[in-house]
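[1] got a sequence here, can you model it:
(chains A and B)
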Amino acid sequence: NAGVTQTPKFRVLKTGQSMTLLCAQDMNHEYMYWYRQDPGMGLRLIHYSVGEGTTAKGEVPDGYNVSRLKKQNFLLGLESAAPSQTSVYFCASSYSAGSGKMNTEAFFGQGTRLTVV
Amino acid sequence: QKEVEQDPGPLSVPEGAIVSLNCTYSNSAFQYFMWYRQYSRKGPELLMYTYSSGNKEDGRFTAQVDKSSKYISLFIRDSQPSDSATYLCAMTTSNYQLIWGAGTKLIIKP
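    Presented below is the predicted three-dimensional model:
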């Protein structure tokens, strides 16, 4: 059981370049999230999804876009990377109906370390 | 002011000590309170959760919620070097959007 898998694990981008981060989960979870983690800031929610085909903005959505075309995948896109987007990005998922787990128990991937120069 | 405040530490204690980690919050609507543990270069993992007020115990870990003071705590008994990690508190109302503390880095010295 792989859980939540993020690709890539590391990436260096030049300012203005674009990229897509992929998150895949095999737990049949309904909800998926993208967070960024910066020193002293904790986890900040970028975008989230409550089901296939749905997306919503979180706390810090500017400069990012997301898509959830399949239930198991959640993509995070950076259209024009900026140095302020240098961070560690975490994908998480939660809630499977009938699992007995509460919807707030989130399972996290290993993170993607992104540096924008 | 942040909705959830957590001292970033680091907190350094000798092996075997009792550790107390805390968070304060401002939103009285929070009902679910969680503690996540994050090892270096890993994603957070759920350690304990509590609904509303009261205590919950799981092995060496005890989570405590005081809604009247808007204060939550995590106690670790007989601390081990393997407990060295960053501990993040998280809380939410009745939905799925978690509000996170900044995390406290804990170091257990052998």
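[2] from chain B, how far off is the most centrally placed residue in chain A?
    Against the mean C-alpha coordinate of chain A, by C-alpha atoms, centre = their mean, the closest residue is residue A:34 at 2.6 Å. Distance of residue A:34 to chain B, computed by C-beta to the nearest C-beta, to the nearest Å: 12 Å. The way it works is simple: take the backbone N, C-alpha and C, and place the C-beta from them, glycine included.
[3] can you say which helix or strand has that residue in it?
    strand A:31-38 (DSSP states H and E).
[4] average model confidence for that strand?
    Per-residue pLDDT values over strand A:31-38 give a mean of 94.
[5] pairing partners for it, with directions?
    strand A:42-49 (antiparallel), strand A:87-94 (antiparallel) (DSSP bridges).
[6] most packed of these?
    strand A:87-94 (a mean of 24; mean count of other C-beta atoms under 10 Å in any protein chain shown).
[7] list the contacts of that one.
    For strand A:87-94, the external contacting residues (C-beta atoms under 8 Å, 6 or more residues apart in numbering or on different chains) are A:4, A:6, A:21, A:23, A:25, A:27, A:29-38, A:43, A:46, A:74, A:76, A:101, A:103-109, A:111-114, B:43-44, B:96.
[8] ok, now with 6 Å
    With C-beta atoms under 6 Å, 6 or more residues apart in numbering or on different chains as the test, strand A:87-94 has contacts from A:4, A:6, A:21, A:23, A:25, A:29, A:31-38, A:103, A:105-109, A:111-113, B:43.
[9] and chain B, which residues reach chain A?
    B:32, B:43, B:44, B:46, B:92, B:96, B:100, B:101, B:102, B:103 (C-beta under 6 Å from any C-beta of the partner chain).
[10] among those, which lie within strands?
    Among those, the ones falling in strands (DSSP state E) are B:32, B:46, B:92, B:100.
[11] the third one: neighbour count?
    With neighbours defined by other C-beta atoms under 10 Å in any protein chain shown, the count for residue B:92 comes to 20.
[12] quick check: the gap between the residue of chain A found nearest chain B and residue A:36.
    Distance from chain B to each residue of chain A (C-beta to the nearest C-beta) is smallest for residue A:108, at 3.1 Å. Applying C-beta to C-beta, to the nearest Å, the value for residue A:108 to residue A:36 is 13 Å.
[13] how many residues are close by whatever residue of chain B ends up closest to chain A?
    Using C-beta to the nearest C-beta, the single residue of chain B nearest to chain A is residue B:43, 3.1 Å away. Burial of residue B:43 is recorded as 22 neighbouring residues (other C-beta under 10 Å).
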